[in-house]
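In: need a 3D model of the following:
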Amino acid sequence: MTPGGHARLGAALLVATAGALSRGAPSAAASPARAPPRATALSDEGCVACHADAARTWRGSLHHASASNAAYETAVYAEPLAFCRRCHAPHGDPSRETSEAAREAGITCTICHLRPGDARTVLSSPREGPVSAPHGVERSAALGQAVCARCHEFDFPDARGERMQKTATEHRESAYASRSCASCHMPEANGHRSHAFAASRDATLLARAVSVRADLDGDRVRFVLEPVGVGHAFPTGDLFRRLTLTVVTEDAEGRPLATRRRYFGRVFGPVRSGREIVRREIADERLSSRTEVTFPLATRAASTTVRWRLDYERVAFSPTRHPEQAVIEGSVTLARGELRTTR
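Out: As a prediction, the model looks like this:
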């Protein structure tokens, strides 16, 4: 989004209202500060008037840029599917090209905090305590995993009966199933949850999510990788997200002797379905628990240095059989190091 786009979303924030979500619910007619409880429909503009801190952090989030970030715009240009627009541009008509207003709006307050068909009651986290608000408030667990799962767990659009994203299922099967998504992705500060929605662009969050130990074991270098405090597979979400462990062996003069890589992601391959050949998941090699990997050492030099790094990669396109030819949209180095050996 351009700087001008952010400026246009100033105090008023958005032209899209709860009516776009609830398919016909009336838009806001009065400021929530003056309206009696449940009297008028809630809108994103009204939310910002009373929740300025949440709005400020949201403006810098990927939820705000869900329909305007470069990666999405490139992908939806190549495949302009209603399937994609429903989540990325929920204030627009998914069957048509996204309007500028819906594009700039992205995923807003009303998308998560209102139930479709009820534009007068705000869903809030299910915690104890009195409620004081100029509108109806429902303390509900529905604000948690169920709301997140609307856009973070779904099948492929071709009805193949296979999950394209399965973060919610991974979470239910993890050791952290009792914790909410918000506990990691919306940490509390000054008594309020952050609406920055830290995720795959947050280098600090990503680096904390995995530990790497490397050591020499005879003629091999051994790595132990383990997710740390992660309530789903790592990485999760988009089917082409992956980790890449790169190991480079150099001689005493720094000349490379060998470069090896290991990828941790979902592996898709051709599978026959009736008379057709389709791509299906044939392996899931992401980190879900402690994983050990070994690489043989190059033996042509008396003294060698082993340099390694672990990268989190956002893959725009991945060939079926040749992961090294993947088109990388962006990457973050999570860990790096070096080992030295003298024969």
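
In: which non-adjacent residue is nearest residue 270?
Out: residue 277 (5.0 Å; C-beta to C-beta, 6 or more residues apart in numbering). (Each C-beta comes from the backbone N, C-alpha and C, glycine too.)

In: now do residue 51
Out: Per C-beta to C-beta, 6+ apart, closest to residue 51 is residue 109, 7.6 Å.

In: contacts only, for the one you found.
Out: 44, 47, 48, 51, 54, 55, 58 (C-beta atoms under 8 Å, 6 or more residues apart in numbering).

In: surely the second one is in a helix?
Out: So that's residue 47. Yes. Counting by DSSP: H, G, I helix; E, B strand; the rest coil, one finds residue 47 located in a helix.

In: now the phi/psi pair for the closest residue to it other than its chain neighbours, please.
Out: In space, and not counting its chain neighbours, residue 47 is closest to residue 109: 4.0 Å by C-beta to C-beta, 6+ apart. With angles defined as degrees, to the nearest 10, residue 109 sits at phi -50, psi -50.

In: so what touches stretch 261-277?
Out: With C-beta under 8 Å, 6+ apart as the test, stretch 261-277 has contacts from 160, 225, 235, 239-247, 278-287, 291, 293, 295, 315, 318, 320-321, 323-324.

In: that older thread, can you list the contacts of residue 109 in JSON lines and add neighbour count, pLDDT and distance to residue 184?
Out: Shown next, in JSON lines, are these (neighbours: other C-beta atoms under 10 Å; pLDDT from 0 to 100; distance: C-beta to C-beta, whole Å):
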{"residue": "44", "neighbour count": "27", "pLDDT": "92", "distance to residue 184": "25"}
{"residue": "47", "neighbour count": "25", "pLDDT": "92", "distance to residue 184": "24"}
{"residue": "48", "neighbour count": "22", "pLDDT": "90", "distance to residue 184": "25"}
{"residue": "51", "neighbour count": "16", "pLDDT": "91", "distance to residue 184": "21"}
{"residue": "54", "neighbour count": "18", "pLDDT": "94", "distance to residue 184": "18"}
{"residue": "55", "neighbour count": "21", "pLDDT": "95", "distance to residue 184": "22"}
{"residue": "58", "neighbour count": "23", "pLDDT": "96", "distance to residue 184": "17"}
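
In: which of those residues fall within helices?
Out: 44, 47, 48, 54, 55, 58 (DSSP state H).

In: gap between the last one and residue 51?
Out: Spelled out, that is residue 58. Distance of residue 58 to residue 51, given as C-beta to C-beta, to the nearest Å: 9 Å.

In: sketch out the low-pLDDT regions of the stretch 201-343 of the chain for me.
Out: 299-302, 343 (pLDDT under 70).

In: can you show me the helices along it?
Out: 203-208 (DSSP state H, counting those that start in this stretch).
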